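1. only the shape, not the letters, is given here:
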Ligand SMILES: [Zn+2]
């Protein structure tokens with residue numbers, strides 16, 4: 001399920017894309033990046049989580065809330081398939 005990305009909070013661009021990968025030890029982190037000002041979203045272990053984190057970061061929320069929203073989203077997905 002694709003998560004729609006919000007505009008960049010820094011330059012207002014709506015061109016936000018997959019920023020790439022960051023290998024740390026055995027973990028492969030992904031992040032979203034603004035194509036215009038190159039602002040990076042939080043580095044996360046999955047692309048969907050990186051997208052969620054990008055959207056929540058715009059509202060200036062702490063990471064704790066990003067995780068809570070992620071859990072909520074997963075629960076909704078589970079409910080939809082059952
Ligand atoms: Zn930007």
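-> Yep, that arrived. Being a predicted model, the structure only gives us computed values, none of them experimental.
2. what does this protein put close to the ion?
-> 8, 10, 11, 13, 34, 36, 37, 39 (Cβ under 5 Å from the ion). To be clear about C-beta, it is placed using only N, CA and C from the backbone, and glycine gets the same treatment.
3. how about the fourth one: what's its closest non-neighbour residue?
-> What that stands for is residue 13. residue 36 (3.9 Å; Cβ to Cβ, 6 or more residues apart in numbering).
4. my read: the one you found touches residue 11, true?
-> Yes - between residue 36 and residue 11 there is a contact under Cβ atoms under 8 Å: 5.3 Å.
5. the strands in the chain, which residues?
-> 16-24, 27-34 (DSSP state E).
6. got the buried residues for the last one?
-> Just to be clear, that refers to strand 27-34. 29, 30, 31, 32, 33, 34 (16 or more other Cβ atoms under 10 Å).
7. list the helices and strands that strand packs on?
-> strand 16-24, helix 47-58 (3 or more Cβ pairs under 8 Å, 6 or more residues apart in numbering; DSSP states H and E).
8. need these in JSON lines with mean pLDDT, can you?
-> As requested, those are exported to JSON lines (pLDDT from 0 to 100):
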{"stretch": "strand 16-24", "mean pLDDT": "85"}
{"stretch": "helix 47-58", "mean pLDDT": "83"}
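9. show me where pLDDT drops low in this structure?
-> In the predicted model of the chain, residues 1, 58-61, 81-82 satisfy pLDDT under 70.
10. swap in 80 and give it another go.
-> 1-3, 20, 22, 24, 57-67, 69-70, 73-74, 76-82 (pLDDT under 80).
11. longest helix in it, please.
-> helix 63-81 (DSSP state H).
12. angle of that one against helix 47-58?
-> 130 degrees (axes from the mean of the first three to the mean of the last three Cα atoms, to 10 degrees).
13. what residues of helix 63-81 count as buried?
-> For helix 63-81, the neighbour count (16+ other Cβ under 10 Å) marks 66, 69, 70 as buried.
14. list the contacts for the first one?
-> Shown here is residue 66, whose contacts under the criterion Cβ atoms under 8 Å, 6 or more residues apart in numbering are 42, 52, 53, 56, 57.
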